Structure formats: structure tokens, C-alpha cells
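J.: Next comes the sequence, and after it the predicted model I'd like to discuss.
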Amino acid sequence: MWGAVEIAGAMAWRIIREEIPEMKTVVVRRPLQEVYNSIVGKGFLAHLSNLAELNAMLDVIGAQPGVYTINASDLDTPVACKWLFEYCLELEFDFDWWYKLSQMNIQINLEEAASMKEETAVRYTEFQADVLRRTEGLNTCLH
């Protein structure tokens with residue numbers, strides 16, 4: 001089993017669905033302004049127009065057959081987490097495990113992320129180029 005939780009993958013949704021058609025997809029949404037404020041609050045530069053384009057991509061992805069969409073705030077409820085856990089992992093939900101994790105504040109290590117900024121930028125540029133090659137003929141991943 002493996003999975004990914006990242007917004008950058010949104011631009012490659014068509015490629016991913018073509019190469020892994022059996023993949024289970026759940027889009028977790030937060031209001032655009034909340035995402036922007038969170039990024040800026042962490043001291044990063046946020047481009048609202050780029051975030052809006054990604055937001056629109058998530059709308060398109062969420063409208064695809066077999067794709068489910070939930071709100072990020074739903075992850076505060078055991079009912080939504082039970083459904084997500086059992087849907088993605090096909091295992092029985094472990095309420096005690098969820099409750100212990102729900103009490104933790106798990107954050108990204110911003111210092112470590114900053115130390116990898118150059119490497120991450122190079123890899124992201126390569127990823128974008130690969131997606132553009134594979135989606136040649138499309139204007140954007142929104143269409």
C-alpha cells in the first residue's frame with residue numbers, strides 16, 4: 001500500500017488515472033483563503049492566482065467518476081476518518097489509534113523543508129516538465 005498527499009500532484013491527475021486506473025482518489029478540500037492564509041502565516045510566499053488554478057483543478061478532479069471529495073474539517077470527526085481509513089486501506093478502523101493521533105499536532109519541519117528548497121525546486125521543475133510532455137496538446141490540466 002502507498003499513497004500521496006500533495007497538491008502538486010493535481011496537475012498530473014490525468015496521467016495518474018491513466019497509469020493507475022484502479023487507484024482510489026479522495027480530494028480533501030480547504031477554503032482557498034484559508035490555504036492562502038496558512039501558507040503566508042508560515043512565512044512562505046503564496047501566489048493567490050496559482051492557488052486558484054490548483055483549486056480549480058481540484059474541482060475538476062473531484063467531479064471525476066469514482067473520486068470522492070471531503071472537507072478538511074471533516075477529518076476532525078471519527079465518522080469521516082473511519083470512512084476514509086476503511087475506503088483507502090480496506091482495513092477495519094482502529095478508533096483508539098485514530099483518537100491518539102487526533103490529539104497530536106503533527107507539523108512539517110519547516111527548517112528541514114527550507115534546507116531542501118533548492119533540491120525541491122529542481123525536482124518540481126522536472127516534474128512539471130514531465131507532466132507537460134505527457135499532456136502535450138492540452139492547454140492546461142483543467143481541460
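T.: Received, thanks. As the structure is a prediction and not an experimental result, all values here were calculated from the model.

J.: low-confidence ranges in the protein?
T.: Flagging of the chain using pLDDT under 70 yields the residue ranges 1-5, 137-143.

J.: Let's see that with 50 instead.
T.: Residues of the chain that meet the criterion pLDDT under 50 lie in 143.

J.: What segments of it are helices?
T.: 13-19, 32-41, 48-62, 78-89, 95-102, 110-115, 117-134 (DSSP state H).

J.: TSV for those helices, including distance to residue 26 and mean neighbour count?
T.: In this view, the C-beta of every residue, glycine as well, is placed from N, C-alpha and C. Below are the helices of the chain laid out as TSV (distance: least, C-beta to C-beta, whole Å; neighbours: other C-beta atoms under 10 Å):
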stretch	distance to residue 26	mean neighbour count
helix 13-19	13	15
helix 32-41	17	13
helix 48-62	9	15
helix 78-89	6	14
helix 95-102	16	11
helix 110-115	24	10
helix 117-134	21	11
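
J.: export those helices to a markdown table and tack on distance to residue 68?
T.: Converted to a markdown table, the helices of the chain look like this (distance: least, C-beta to C-beta, whole Å):
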| stretch | distance to residue 68 |
| --- | --- |
| helix 13-19 | 14 |
| helix 32-41 | 20 |
| helix 48-62 | 8 |
| helix 78-89 | 7 |
| helix 95-102 | 18 |
| helix 110-115 | 29 |
| helix 117-134 | 23 |
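
J.: Could you count how many residues lie near residue 94?
T.: 12 (other C-beta atoms under 10 Å).
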